[in-house]
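**Q** I would like to see how this sequence folds:
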Amino acid sequence: MTPLERFNEMREHGTEAYFDADEIVELIEHFDEEDDRRGYTQALELGLRLHPEDVEIQTMKCRLYMYDKEYDKALQMITSLRNHADAETMILNAMELECLYATDRARSEERFRGSRDR
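**A** Residues are numbered from 1 along each chain as shown. Next up, the predicted model:
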């Protein structure tokens with residue numbers, strides 16, 4: 001049985017099953033590709049309960065904040081995730097830029113970083 005089949009069976013019966021972090025990520029990515037917000041959120045919540053320290057799952061929570069246009073929460077989470085040694089720096093940088101441009105703060109951030117780096 002695939003992780004998706006197990007997950008759907010779990011939802012159908014109102015039970016909770018164990019999935020490893022990679023399976024959770026696979027499920028979230030599937031629901032994201034299918035634009036299934038409910039499935040995305042349910043898989044994410046399960047993943048955070050089962051694997052609260054998993055950086056990839058936390059990154060997907062940050063992405064959900066961005067989908068909801070909660071850019072300040074997303075930026076706070078990006079800052080927090082950068083403190084993890086295994087954080088995906090390039091992904092976090094891209095997400096940060098997306099948030100900054102969406103809130104029209106990119107130019108002021110670039111000016112700040114430019115003056116700080118000199």
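**Q** Give me the mean pLDDT for stretch 9-21.
**A** Averaged across stretch 9-21, pLDDT comes to 95.
**Q** Taking the centroid of the protein, which residue is nearest it?
**A** Nearest to the geometric centre of the chain sits M60, at 1.4 Å (CA atoms, centre = their mean).
**Q** Kindly indicate whether that one is helix, strand or coil.
**A** At M60 the chain is in helix, as set by DSSP: H, G, I helix; E, B strand; the rest coil.
**Q** How about it: what's its closest non-neighbour residue?
**A** Leaving out its chain neighbours, the residue that sits closest to M60 by CB to CB, 6 or more residues apart in numbering is I28, at 5.0 Å. To be clear about C-beta, it is placed using only N, CA and C from the backbone, and glycine gets the same treatment.
**Q** Ok, P3 next?
**A** Using CB to CB, 6+ apart and skipping residues adjacent in sequence, the residue nearest P3 is E23, 4.2 Å away.
**Q** what's the distance between K61 and E34?
**A** Using CB to CB, to the nearest Å, K61 is found at 18 Å from E34.
**Q** Please look at E26 and P3 and confirm they touch.
**A** Yes - under the criterion of CB atoms under 8 Å, E26 makes contact with P3 at 5.7 Å.
**Q** I57: how many residues sit nearby?
**A** Using other CB atoms under 10 Å, I57 is surrounded by 20 other residues.
**Q** no, scratch that, I was asking about Y18
**A** Residues near Y18, counting by other CB under 10 Å, number 9.
**Q** How about the contacts made by it?
**A** Y18 is in contact with L50, counting by CB atoms under 8 Å, 6 or more residues apart in numbering.
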